[in-house]
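Novice: no sequence on this one, just coordinates:
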Ligand SMILES: C[S@@+](CC[C@H](N)C(=O)[O-])C[C@H]1O[C@@H](n2cnc3c(N)ncnc32)[C@H](O)[C@@H]1O
């Protein structure tokens with residue numbers, strides 16, 4: 001994959017792109033990252049890329065000409081426009097599903113805004129307008145870094161194990177299950193017995209239930225997008241009364257014996273059943 005970033009501050013990308021997993025991905029040739037300085041496309045000797053807004057008001061607005069010229073130059077090199085993402089707080093909110101979609105593109109171009117925002121005509125260059133959340137940052141550089149990091153780690157070969165990202169939070173719609181490593185007991189807190197049992201089926205079942213419970217407790221709205229089995233629903237209904245309709249509560253009473261066993265491993269129970 002080739003990722004190009006159009007920015008007024010190419011130097012901001014040096015740190016994040018020169019360490020850890022992103023650096024390894026670049027070194028292995030799995031992704032090529034290039035920054036293009038928008039100022040190189042300014043027309044005057046002061047290298048101006050912004051101007052005052054028509055109609056008055058505070059701040060400066062990114063002019064259309066340098067951005068259009070930069071995109072044309074980036075496209076011109078290879079003859080085909082990259083899938084273009086405009087970073088903007090007014091865009092669709094970025095999430096794991098979008099990261100997965102972007103990871104399937106051959107070439108991505110991120111346009112980083114600055115100042116008060118873009119001349120509206122710049123939006124016509126975008127295939128997608130993306131925001132990283134409902135807050136306003138100074139520029140599009142940090143949002144571009146966030147999105148590029150999320151995309152690159154999904155590229156084949158970037159993470160050590162081939163399925164390393166598949167259990168991550170949001171990948172299958174749920175938050176990730178709790179993870180533990182050695183020692184088995186730390187400051188009186190024990191790793192759940194099931195994880196030490198070596199019984200793969202039971203471990204998988206425990207992880208599924210923990211992921212369900214964690215999601216229901218912290219981000220219940222995510223459950224609406226997840227295909228829940230009857231067993232999943234019964235388990236959750238037993239844990240969080242009122243989460244579903246009355247039929248699920250009935251179902252959960254029937255299967256409560258089974259789920260009691262699975263609870264041996266939970267060590268951080270509060271009165272609500274959450275951490
Ligand atoms: C100060 S912001 C402009 C905000 C604009 N006046 C508005 O209210 O929509 C400058 C630039 O930062 C980037 N930016 C700021 N917050 C962002 C967010 N939450 N997601 C993505 N990009 C953001 C965009 O590139 C934006 O053009």
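Specialist: Cool, got the structure. Quantities reported herein were computed from a predicted structural model and do not represent experimental measurements.

Novice: Need the contact partners of stretch 20-34.
Specialist: Here stretch 20-34 makes contact (Cβ atoms under 8 Å, 6 or more residues apart in numbering) with 1-5, 13, 16-17, 148-149, 152-153, 155-159. (C-beta placed from N, C-alpha, C; glycine too.)

Novice: Swap in 10 Å and give it another go.
Specialist: For stretch 20-34, contacts defined as Cβ atoms under 10 Å, 6 or more residues apart in numbering pick out 1-6, 10, 13, 16-18, 74, 103, 107-109, 145, 148-149, 151-153, 155-160.

Novice: Can you tell me which of these are buried?
Specialist: Among these, the ones that count as buried by 16 or more other Cβ atoms under 10 Å are 1, 3-6, 10, 13, 16-17, 74, 103, 107-109, 145, 148, 151-153, 155, 158-159.

Novice: Wasn't residue 84 part of a strand?
Specialist: Yes: judged by DSSP: H, G, I helix; E, B strand; the rest coil, residue 84 forms part of a strand.

Novice: beta partners for it?
Specialist: Residues in a beta bridge with residue 84, per DSSP bridges, are residue 109.

Novice: Now do it against residue 196, distance only.
Specialist: Applying Cβ to Cβ, to the nearest Å, the value for residue 84 to residue 196 is 50 Å.

Novice: Residue 245 now?
Specialist: Distance, residue 245 to residue 196, using Cβ to Cβ: 37 Å.

Novice: Who has more neighbours out of those two?
Specialist: It is residue 196, of residue 245 and residue 196, that has more neighbours when counted by other Cβ atoms under 10 Å, with 13 against 10.

Novice: That one against residue 206, yeah?
Specialist: No: applying Cβ atoms under 10 Å as the test, residue 196 and residue 206 come out as separate, 11.4 Å apart.

Novice: which element is the residue in the stretch 151-275 of the chain positioned nearest to the ligand on?
Specialist: Here the stretch 151-275 of the chain gets closest to the ligand at one residue, residue 151, 14.7 Å apart by Cβ to the nearest ligand atom. In the assignment (DSSP states H and E), residue 151 maps to helix 141-152.
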